[in-house]
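Colleague: build the 3D model from these lines:
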Amino acid sequence: MALLSRLSDMFSVYAQKRVVSILFLGFSSGLPLMLVFSTLSFWLREAGVDRTAIGYFSWIALVYGFKWMWSPLVDRLRIPIIGKRFGQRRSWILIAQFALFFAILGMSFSDPVENIKHLAICAFIVAFASTTQDIVIDAFRIESAPEKMQAALSAAYLVGYRSAMIIATAGALTIAAWIEPGNDAYNLHAWQVSYQIMAGLMIVGVIATLLSKEPQVNETEITENQIQLQQKYRQQFPKTMADFMAWFHQACVTPFVAFFKRYGKHAILILVLISCYRISDIVMGIMANVFYVDMGFSKEEIAAISKVFGIIMTLVGAAAGGLLTARYGIMKILFLGALLVIFTNALFAVQAVVGHNVPLLTAIISVDNFSQGIAISAFIAYLSSLTSSGYSATQYALLSSVMQLFPKFIAGFSGTYVDSFGYVNFFIASSVIGIPVLFLIYFASKVQKAQDS
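Modeller: Coordinates of the predicted model:
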């Protein structure tokens, strides 16, 4: 009974309103990503687009690596009218969500065979709006609760995020298969209907945003700094120009200066760790659905495996990651997650040797999703812990941009690598490139201990 009571207390945090809100906002964040990433790769491959082109097409997702460029606007610019009604964070979230709805609809009216440029433009808009939404939701999450709750919020966010990713992959494939049951030939209409339904699911995020409460942030220090900057610039420029320059400095310069001032020379180590932490699963991910197609798996098989076992193991992994992080600390679970991802990537090489084998793929996807649940949950908590109150949107955007940029650039060459060396070598290589991350975590943990002592 004592054990059950302890477990009940541990899991009760996930029932809090703030955590539930972040769960559904995480869903809203995760849905668009796969629609311009692996699901789109599946659609393009089935439409007859070659692997090299698909690899280059994935560079659209590089937008996620540059979100730090407009994050200061999201952080400090108040949207007229709705900003006053819904608040700084929620108004930006709503704008991004409606933009996503229409851009995903635009993708659904595209034909990659006849006009791939139209599809690319709509996909780019989806990526840009999705990135903007991520900037605000990340800030919303960090500002919604104290640091001691960030592990639970990160886990809830990841559960929603990963669930949406699976719906945008397995769900999209299932819908496309239902449109033409028993027909494995490429069907444009099936994919268009699937993407239209995905656009409709953005209503989940809109409802969650409307029902959420705007976080309260103590901006005393920010206001004082703003006044000092205004006084400084008014000595050199006219009032209007001085006020704009003070705002620009506060929005675009101060958050980055504050980060490097806080961590000093160790900031470089932190940024290198962040830029490499997810390289294994991102590089592998772009070719995952292409691999399934080439191994002869049907849309129904992939969807069923991802939907049933994938969701269950993602939920378990994310929840476990949140609890383990709260119990043992961020750095230890960060290391565990990186180690597990290296191991699970190597398992896909076994699948490449065996070929079409549903039970084996089920086991591998289950272990892979569980491992990613732990790894990403700890990683989100780590990134959140690095930000400063009042600058969370800009600083988190910088950190998460660093996280995406290098891995997604490398992933663009994945199709070329597979064509040259085959899937077995590709999966082994995607596993091996994650080993240096373990050493970076070790050194970063030493730095953190030195700063805490």
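Colleague: low-confidence stretches in the chain?
Modeller: Of all residues in the chain, those with pLDDT under 70 make up the ranges 1-15, 146-148, 181-184, 218-221, 306-308, 389-390, 451-453.
Colleague: farthest residue from the center of it?
Modeller: The C-alpha centroid of the chain is most remote from residue 235, which lies 43.6 Å away (Cα atoms, centre = their mean).
Colleague: could you measure it against residue 241, distance?
Modeller: Between residue 235 and residue 241 the computed distance is 12 Å (Cβ to Cβ, to the nearest Å). C-beta here means a position set from N, CA and C on the backbone, and glycine is covered the same way.
Colleague: same check, this time on residue 423
Modeller: Residue 423 sits at a distance of 58 Å from residue 241 (criterion: Cβ to Cβ).
Colleague: who has more neighbours, the two?
Modeller: Neighbour totals were compared for residue 423 and residue 241, and residue 423 leads with 19 against 12 (other Cβ atoms under 10 Å).
Colleague: the closest residue to the more buried one other than its chain neighbours sits in which helix or strand?
Modeller: With Cβ to Cβ, 6 or more residues apart in numbering as the criterion, residue 423 has its nearest non-adjacent residue at 3.9 Å, and that residue is residue 352. In this structure, residue 352 sits in helix 330-354 according to DSSP states H and E.
Colleague: and that helix, which residues are buried?
Modeller: Across helix 330-354, burial judged by 16 or more other Cβ atoms under 10 Å covers 330-331, 333-342, 344-349, 351-352.
Colleague: how far does that helix sit from the chain's center?
Modeller: In terms of Cα atoms, centre = their mean, to the nearest Å, the centre of helix 330-354 is set 19 Å apart from its chain centre.
Colleague: helix or strand next in line after that helix, which one?
Modeller: Trace forward from helix 330-354 with DSSP H and E and the next one is helix 358-385.
Colleague: other SSEs contacting that next one?
Modeller: helix 116-143, helix 150-166, helix 279-294, helix 311-328, helix 330-354, helix 392-411 (3 or more Cβ pairs under 8 Å, 6 or more residues apart in numbering; DSSP states H and E).
Colleague: now do 7 Å
Modeller: Packing partners of helix 358-385 (3 or more Cβ pairs under 7 Å, 6 or more residues apart in numbering; DSSP states H and E): helix 150-166, helix 311-328, helix 330-354, helix 392-411.
Colleague: wait, what's in contact with the residue nearest to residue 423?
Modeller: Shown in contact with residue 352 (Cβ atoms under 7 Å, 6 or more residues apart in numbering): 423-424, 427.
Colleague: looking at those, which is nearest residue 278?
Modeller: residue 427 (16.2 Å; Cβ to Cβ).
Colleague: surely that closest one and residue 347 touch.
Modeller: No: the criterion here is Cβ atoms under 7 Å, and residue 427 misses it with residue 347 at 8.1 Å.
Colleague: returning to that earlier point: export the contacts of residue 352 to JSON lines and append columns for secondary structure and distance to residue 363.
Modeller: As requested, the contacts of residue 352 are exported to JSON lines (DSSP: H, G, I helix; E, B strand; the rest coil; distance: Cβ to Cβ, whole Å):
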{"residue": "423", "secondary structure": "helix", "distance to residue 363": "18"}
{"residue": "424", "secondary structure": "helix", "distance to residue 363": "18"}
{"residue": "427", "secondary structure": "helix", "distance to residue 363": "15"}
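Colleague: could you save these as a markdown table and add columns showing distance to residue 142?
Modeller: Formatted as a markdown table, those follow (distance: Cβ to Cβ, whole Å):
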| residue | distance to residue 142 |
| --- | --- |
| 423 | 39 |
| 424 | 41 |
| 427 | 35 |
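Colleague: ranges for the strands of the stretch 1-150 of the chain?
Modeller: With DSSP state E, counting those that start in this stretch as the criterion, the stretch 1-150 of the chain has no strands.
Colleague: show me the contacts for the closest residue to residue 375 other than its chain neighbours.
Modeller: Nearest residue to residue 375, sequence neighbours excluded (Cβ to Cβ, 6+ apart): residue 337, at 2.7 Å. Residues in contact with residue 337 (Cβ under 7 Å, 6+ apart) are 321, 371, 374-375, 378-379.
Colleague: now, which of the residues you listed sits nearest residue 450?
Modeller: residue 378 (20.5 Å).
Colleague: if you tally nearby residues, what's the number for that closest one?
Modeller: Neighbour count of residue 378, defined by other Cβ under 10 Å: 30.
Colleague: which one is it nearest to, not counting chain neighbours?
Modeller: Spatially, and ignoring its direct neighbours in sequence, residue 378 is nearest to residue 333 (4.0 Å; Cβ to Cβ, 6+ apart).
Colleague: need the contact list for that neighbour.
Modeller: For residue 333, the contact set (Cβ under 7 Å, 6+ apart) comprises 321, 324-325, 374, 378.
Colleague: hmm, try it at 10 Å
Modeller: Contacts for residue 333 were tallied using Cβ atoms under 10 Å, 6 or more residues apart in numbering; they are 151, 320-327, 374-375, 377-379, 381-382.
Colleague: could you do residue 230 as well?
Modeller: Contacts of residue 230 (Cβ under 10 Å, 6+ apart): 239, 242-243, 245-247, 249-250.
Colleague: can you check residue 36 too?
Modeller: Going by Cβ under 10 Å, 6+ apart, residue 36 touches 57-58, 60-61, 63-64, 103-104, 107, 119-120, 122-127, 130, 168.
Colleague: narrow these to just the buried residues.
Modeller: Among the contacts of residue 36, those buried by neighbour count (16+ other Cβ under 10 Å) are 57-58, 60-61, 63-64, 103-104, 107, 119-120, 122-123, 125-127, 130, 168.
Colleague: can you put the contacts of residue 230 in JSON lines and add neighbour count?
Modeller: Below are the contacts of residue 230 laid out as JSON lines (neighbours: other Cβ atoms under 10 Å):
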{"residue": "239", "neighbour count": "10"}
{"residue": "242", "neighbour count": "18"}
{"residue": "243", "neighbour count": "16"}
{"residue": "245", "neighbour count": "17"}
{"residue": "246", "neighbour count": "21"}
{"residue": "247", "neighbour count": "17"}
{"residue": "249", "neighbour count": "17"}
{"residue": "250", "neighbour count": "22"}
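Colleague: tell me which of these fall in helices.
Modeller: In this view, the contacts of residue 230 that belong to helices under DSSP state H are 239, 242-243, 245-247.
Colleague: one step back: so which two of the contacts of residue 337 are the farthest from each other?
Modeller: The widest separation within the contacts of residue 337, taken as Cβ to Cβ, falls between 371 and 379 and amounts to 12.2 Å.
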